[in-house]
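Participant: A structural model of the following input is requested.
(one chain, ligands or ions: 2)
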Amino acid sequence: MRLFEPGKRFYKGNLHMHTTNSDGKLPLDEAAQRYQDAGYDFICITDHWKRTVDAHTRGRMLVLPGIEIDYFLPTQVIHLVGINVDESILTRADRKWGPQRGINAIRDAGGLAVLAHPLWSLNTTETINSLRDLTAVEIYNTTSAPPWNGDRADATGLLDMACANGVLHNTLAVDDAHHYNGDECVSFIMLQADELSVEGVMSALKTGAFYASQGPQFTQVTLEGDTVRVACSPVSRILFHSNRPYASDRCAQGKGITGADYTIRRDWNERFVRVIIEDAQGRRAWANPIPIPY
Ligand SMILES: [Zn+2]
Ligand SMILES: [Zn+2]
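Facilitator: Ligands and ions are numbered 1, 2, ... in the order given. Next up, the predicted model:
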């Protein structure tokens, strides 16, 4: 199997950001302009409990209407992003009905549900794996890092545990931009769509035709037999995460390396592989986890 379609175009997008319609520091026009100037192909506006609507396109950049809804559990919070929801979301979702009904509400409003910043929220793997019908989980959330927060932006380890416990979620990198003083235009997804349209983006999100990134680019990730093979832009490290405790080929390192192989071990009951690449500046990209067939 392979994660990407050879030769097909990738589009760049940020699916989590706020405006002055909730607690963001910039009005919609200025927030969207930052992303347009940075060459993004699509964004989704996700104000807290508000559906911020824009024209569907700004220049050639697509703008999706979204929302962020949140729930309080005794030991954690749950924030859900709804991508491309219609206005019925405002009557379908309510805090008192809990997160699963929030996910259902997002889907009933025509949208796709994403679990936001699970490490920041202190979500457990039990919580993450109990939620049904999530399209993706945020593996990196820019604003959950210093100086805007403590240091809980990178949920890779947590999502590895969720995978090891049986649920392989596809992963997004997002900004969750609020401050617009450096928390914008940092973390994004690269998505292979048939065309830059609402339908094109939604359909590619559903099928997992994307990877999360802060800069490094995947060309291809394949699984053939027992070999996971990566081709990418020049990076300093290529990491292979899985549920097997030790593997001698888990980290390939070098100057400007553009590929590496990893051998899976079925006798060690290896169930998934997640590929992460890191460039010389420490910026990362995360491929969606690959299930190992038995
Ligand atoms: Zn949030
Ligand atoms: Zn947010």
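
Participant: For T19, what is the enclosing helix or strand?
Facilitator: Of the helices and strands defined by DSSP states H and E, none includes T19.

Participant: nope, A32 is what I was after
Facilitator: Going by DSSP H and E, A32 is part of helix 28-37.

Participant: And the pLDDT for T57?
Facilitator: T57 is assigned a pLDDT of 81 by the prediction.

Participant: And it, how far from L64?
Facilitator: 10 Å (C-beta to C-beta, to the nearest Å). To be clear about C-beta, it is placed using only N, CA and C from the backbone, and glycine gets the same treatment.

Participant: One more: M1?
Facilitator: As judged by C-beta to C-beta, M1 and L64 stand 29 Å apart.

Participant: do the same with G225
Facilitator: Noted for G225: a distance of 39 Å to L64, by C-beta to C-beta.

Participant: what comes up buried for the helix holding A32?
Facilitator: Within helix 28-37, the residues scored as buried using 16 or more other C-beta atoms under 10 Å are 28, 31-32, 34-36.

Participant: any idea of the mean pLDDT in it?
Facilitator: 96.

Participant: what's the following helix or strand after it?
Facilitator: Per DSSP H and E, the first helix or strand lying C-terminal to helix 28-37 is strand 42-45.

Participant: got a list of contacts for the helix or strand that that following strand is followed by?
Facilitator: Per DSSP H and E, the first helix or strand lying C-terminal to strand 42-45 is strand 57-58. Strand 57-58 is contacted by residues 32-33, 36, 63 when judged by C-beta atoms under 8 Å, 6 or more residues apart in numbering.

Participant: so where's this structure uncertain?
Facilitator: Within the chain, not a single segment meets pLDDT under 70.

Participant: tell me which parts of this structure are close to ligand 1?
Facilitator: 79, 116 (C-beta under 5 Å from the ion).

Participant: Where does the stretch 101-250 of the chain get nearest to ligand 1, residue-wise?
Facilitator: Going by C-beta to the ion, ligand 1 is nearest to A116 of the stretch 101-250 of the chain, at 4.6 Å.

Participant: before we move on, the earlier item: and ligand 2, is the helix holding A32 touching that?
Facilitator: No - against ligand 2, helix 28-37 shows no contacts by C-beta under 5 Å from the ion, the least distance being 12.5 Å.

Participant: Which secondary structure elements does that helix sit against?
Facilitator: Counting contacts by 3 or more C-beta pairs under 8 Å, 6 or more residues apart in numbering; DSSP states H and E, helix 28-37 packs against strand 42-45, strand 57-58, strand 61-72.

Participant: Dump the ones you listed into TSV; add distance to L15 and mean neighbour count as well.
Facilitator: Output for the helices and strands packed on helix 28-37, formatted as TSV (distance: least, C-beta to C-beta, whole Å; neighbours: other C-beta atoms under 10 Å):
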stretch	distance to L15	mean neighbour count
strand 42-45	4	26
strand 57-58	16	14
strand 61-72	7	21
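
Participant: I'd like these laid out as CSV, including distance to ligand 2.
Facilitator: Compiled in CSV, the helices and strands packed on helix 28-37 are given as follows (distance: least, C-beta to the ion, whole Å):
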stretch, distance to ligand 2
strand 42-45, 11
strand 57-58, 21
strand 61-72, 5
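
Participant: nearest to S130, of the ones you listed?
Facilitator: Checking the helices and strands packed on helix 28-37 against S130 by C-beta to C-beta gives strand 61-72 as the closest, at 12.9 Å.

Participant: next SSE after the closest one?
Facilitator: Strand 61-72 is succeeded, C-terminally, by strand 77-83 (DSSP H and E).

Participant: ok, whichever residue of the chain sits closest to ligand 2 - how many residues close by?
Facilitator: Nearest residue of the chain to ligand 2 (C-beta to the ion) works out as D176 at 4.3 Å. Here the count is done by other C-beta atoms under 10 Å, and D176 has 29 residues near it.

Participant: Next, give phi and psi for D23.
Facilitator: phi -110, psi 20 (degrees, to the nearest 10).

Participant: Please shift the residue numbers so they start at 35 in all later answers.
Facilitator: Right, with 35 as the first residue, what we last looked at is D57.

Participant: burial of it, as a residue count?
Facilitator: 11.

Participant: And for G93?
Facilitator: Residues lying near G93 (other C-beta under 10 Å) number 8.

Participant: Only the buried residues of stretch 195-215, if you could.
Facilitator: Residues 196-198, 201-212, 214 are the ones in stretch 195-215 that count as buried (16+ other C-beta under 10 Å).

Participant: Same check on stretch 140-156?
Facilitator: Neighbour-count burial for stretch 140-156 [16+ other C-beta under 10 Å]: 140-141, 143, 145-155.
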